[in-house]
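Asks: Here's a sequence, model it:
(one chain, ligands or ions: 1)
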Amino acid sequence: MTHFKMAARPPAAPDPITALVDDRLAGARCAGQWPRFDVDIAGESDKQRAERLAWARGQCSVCPVLAACRTAVTEQRRPSGVWAGRVYGEPGRPPRKKAAA
Ligand code: SF4
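Replies: Modelled structure (predicted):
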């Protein structure tokens, strides 16, 4: 007989998804197209990545909830991708973990 240890609770939703359900970010320019705001997309060339991220940052510059997004990103444990016109994380690497206290 096999015993499986059940997780105490399901894993937390990824930060970008959490942000998209944040009422403060209603009307965001990135709503529905969060993959284009990712720091990295598999198979993408450096040039394609640079162009996509420049486009994403441009969307942020005219986003009606830019100020709220600046606040929201400070509340994320490990932001990754484009947030409020800034790129967080490095392509090809998982987001950096905070140092243990
Ligand atoms: S500022 Fe950019 S990342 Fe933030 S909600 Fe608007 S489009 Fe999305």
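
Asks: C-alpha from now on. contacts and neighbour counts both.
Replies: Noted.

Asks: Any chance you could list what contacts the top helix by length along the chain?
Replies: For the chain, the helix with the greatest residue count under DSSP state H is helix 46-61. Outside helix 46-61, the residues within contact range by C-alpha atoms under 8 Å, 6 or more residues apart in numbering are 29-30, 36-37, 39-41, 66, 82-87.

Asks: Repeat the analysis, applying 7 Å as the threshold.
Replies: Residues outside helix 46-61 that contact it (C-alpha atoms under 7 Å, 6 or more residues apart in numbering) are 29, 36-37, 66, 82, 84-86.

Asks: Intersect the residues you listed with the contacts of the ligand.
Replies: With C-alpha under 6 Å from any ligand atom as the criterion, the contacts of helix 46-61 include 29, 66, 82, 84-85 near the ligand.

Asks: Now rank those residues by neighbours and give me the top one.
Replies: V82 (24 neighbours; other C-alpha atoms under 10 Å).

Asks: Could you report the separation of C30 from the ligand?
Replies: Using C-alpha to the nearest ligand atom, to the nearest Å, C30 is found at 4 Å from the ligand.

Asks: Assign a three-state SS to that residue, would you?
Replies: Under the three-state scheme (DSSP: H, G, I helix; E, B strand; the rest coil), C30 adopts coil.

Asks: Using CSV, write out every CA atom in the longest helix of the chain.
Replies: Extracted as CSV, the C-alpha positions of helix 46-61 are listed here (Å, rounded to 0.1, in the frame of the first residue of the first chain):
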residue,chain,number,x,y,z
ASP,A,46,17.7,38.3,-27.8
LYS,A,47,16.4,40.7,-30.4
GLN,A,48,12.8,39.5,-30.2
ARG,A,49,13.0,39.6,-26.4
ALA,A,50,14.4,43.2,-26.4
GLU,A,51,11.6,44.3,-28.8
ARG,A,52,8.9,42.6,-26.8
LEU,A,53,10.0,44.0,-23.5
ALA,A,54,10.3,47.5,-25.0
TRP,A,55,6.7,47.1,-26.3
ALA,A,56,5.6,46.0,-22.8
ARG,A,57,7.3,48.9,-21.1
GLY,A,58,5.6,51.2,-23.6
GLN,A,59,2.2,49.7,-22.6
CYS,A,60,3.1,50.5,-19.0
SER,A,61,3.9,54.1,-19.8
